[in-house]
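In: here is my input, please return the structure:
(one chain, ligands or ions: 1)
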Amino acid sequence: MTTKLNKYLTNSYYYKGIKFEEYTIELKDNKIIGRPIIKHDTKINVVNNVDGLEILLSLCNLYNKYTYKESTNDDNLELGIKNWCNQHVHPANNNNLIRTIELFDYKKDNLSKRKQDVYIKELHEAIDKYVRFNVEEFKNQLERLTTNFNMWYALDMACNHNNIDLLQVRINNGMIAPTTDLIYIINNSKKSKERINKIKKISWRILGKMIYFMPASKRKLIYLKDRDAFEYSIYTDSIFDIALDVFGTLIKNTYNNNQYAHKIIVCENCGDYFIRTGSTQRYCNKKECQAARNRNKVKAFNERNRI
Ligand SMILES: [Zn+2]
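Out: Numbering: from 1, shown residues only. Down below sits the predicted model:
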């Protein structure tokens, strides 16, 4: 999905990633390790145009789902991480993997069948040392990203969109810790203009402290084969750097009350973040959320027509 919003947010930055088809999570040397399942016929694709906004929102939805909604033994965060990798891109060691695969790509042309088999074996051996990732580390980074994103989102809603309820709800359900600053914002949100300016100032101060955890990012000139163009891309090993790069742009735009920022909304049925395509859209595109939307439509119609 490449949205207009994402194009705006990322300006001309493109993210490169690797996509494997299937993942497994296992215990190795007392560490929980995630890795793709690589068989002889496994397809490994370099994705040239990774959607950074989709990466950011899907990671936050992943954490929120398993932390603040119900999860069972059969469906836990580790399984969620595995599914996330299947659906999106490989989470770590991006640069080494891409470099190795692209290097092998040059050798691939005009190989006989027998040589191709050797080529695939060598490629799999070459990438083997880069494909594993530490699941605990993934979880830690996911928690830090999401708790900060949840805070930013609630503050943006309170300051720029006159919606204080979300901040209150998130404090009530433990998503956000109730600091004195936040309580002040809640108690003064619907008062005079001066108060509103003050709560904005407090919000920016909270965000200003928050951004210290964000990493500095390096950019690298890349050649995009499919577009026949050169672009600057963030040079990173990790999907969390990509997510934070986009998040940083959102924070910057929130401060300027940017019109694009509030296109990200929370689904009224499942609570996931999603990008709304119409100005009145309140439910995400998941099947169960569209069903909830239709149920509520019928209910509202019946209430209107009751005598
Ligand atoms: Zn939904």
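In: checking residue 184 next. Helix, strand or coil?
Out: Put simply, residue 184 is helix when judged by DSSP: H, G, I helix; E, B strand; the rest coil.
In: separation between it and residue 131?
Out: Note on residue 184: its distance to residue 131, by C-beta to C-beta, to the nearest Å, is 48 Å. For the C-beta atoms, the positions are set from N, CA and C on the backbone; glycine is no exception.
In: give me the more crowded residue out of the two.
Out: Neighbours of residue 184 and residue 131, each counted by other C-beta atoms under 10 Å, are more numerous for residue 131; the result is 22 against 14.
In: pLDDT below threshold where in the chain?
Out: 1-14, 70-73, 106-110, 190-192, 255-262, 307 (pLDDT under 70).
In: longest helix anywhere in it?
Out: helix 135-160 (DSSP state H).
In: and the following helix or strand past it, C-alpha only, in CSV?
Out: Later in the chain than helix 135-160, the nearest helix or strand by DSSP states H and E is helix 165-172. What follows is helix 165-172, C-alpha atoms only, in CSV (Å, rounded to 0.1, in the frame of the first residue of the first chain):
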residue,chain,number,x,y,z
ASP,A,165,-11.8,11.5,25.6
LEU,A,166,-9.1,9.4,24.0
LEU,A,167,-6.4,10.6,26.5
GLN,A,168,-8.8,9.9,29.3
VAL,A,169,-9.7,6.4,28.0
ARG,A,170,-6.0,5.6,27.6
ILE,A,171,-5.2,6.7,31.1
ASN,A,172,-8.1,4.6,32.4
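In: how about helix 165-172: buried residues?
Out: Burial within helix 165-172, assessed by neighbour count using 16 or more other C-beta atoms under 10 Å, is assigned to 166, 167, 168, 170, 171.
In: residues contacting the third one?
Out: Residues counted as contacts of residue 168 (C-beta atoms under 8 Å, 6 or more residues apart in numbering) are residue 186.
In: residues from the chain in reach of the ion?
Out: 267, 269, 270, 284, 286, 289 (C-beta under 5 Å from the ion).
In: is residue 33 in a helix, a strand, or coil?
Out: Using three-state DSSP, the structure places residue 33 in strand.
In: quick one: it and residue 135 touch, right?
Out: Yes - contact criterion C-beta atoms under 8 Å: residue 33 and residue 135 qualify, at 6.6 Å.
In: need the residues touching each of these two.
Out: residue 25.
In: ok, which stretches of this structure are strands?
Out: Using DSSP state E, the strands found in the chain span residues 15-19, 23-28, 31-36, 45-50, 133-134, 218-224, 229-235, 264-266, 273-275.
In: would you map out the domains in the protein?
Out: Domain assignment for the chain by automatic domain parsing gives 4-276, 277-307.
In: deepest-packed of those domains, please.
Out: Ranked by mean neighbour count, the domains of the chain are led by domain 4-276 with a mean of 16 (mean count of other C-beta atoms under 10 Å).
In: roughly how far is it from the heart of the chain?
Out: The chain centroid and the centroid of domain 4-276 are separated by 3 Å, computed with C-alpha atoms, centre = their mean, to the nearest Å.
In: ok, the residue nearest to residue 267 when sequence neighbours are not counted - contacts?
Out: Closest residue to residue 267 in three dimensions, ignoring its sequence neighbours and counting by C-beta to C-beta, 6 or more residues apart in numbering: residue 284, at 3.9 Å. If you count contacts by C-beta under 8 Å, 6+ apart, residue 284 has them with 267, 269, 270, 272, 274.
In: re the thing from before, ok, so of the buried residues of helix 165-172, who is nearest residue 20?
Out: Within the buried residues of helix 165-172, the smallest distance to residue 20 is 34.7 Å, found for residue 170 (C-beta to C-beta).
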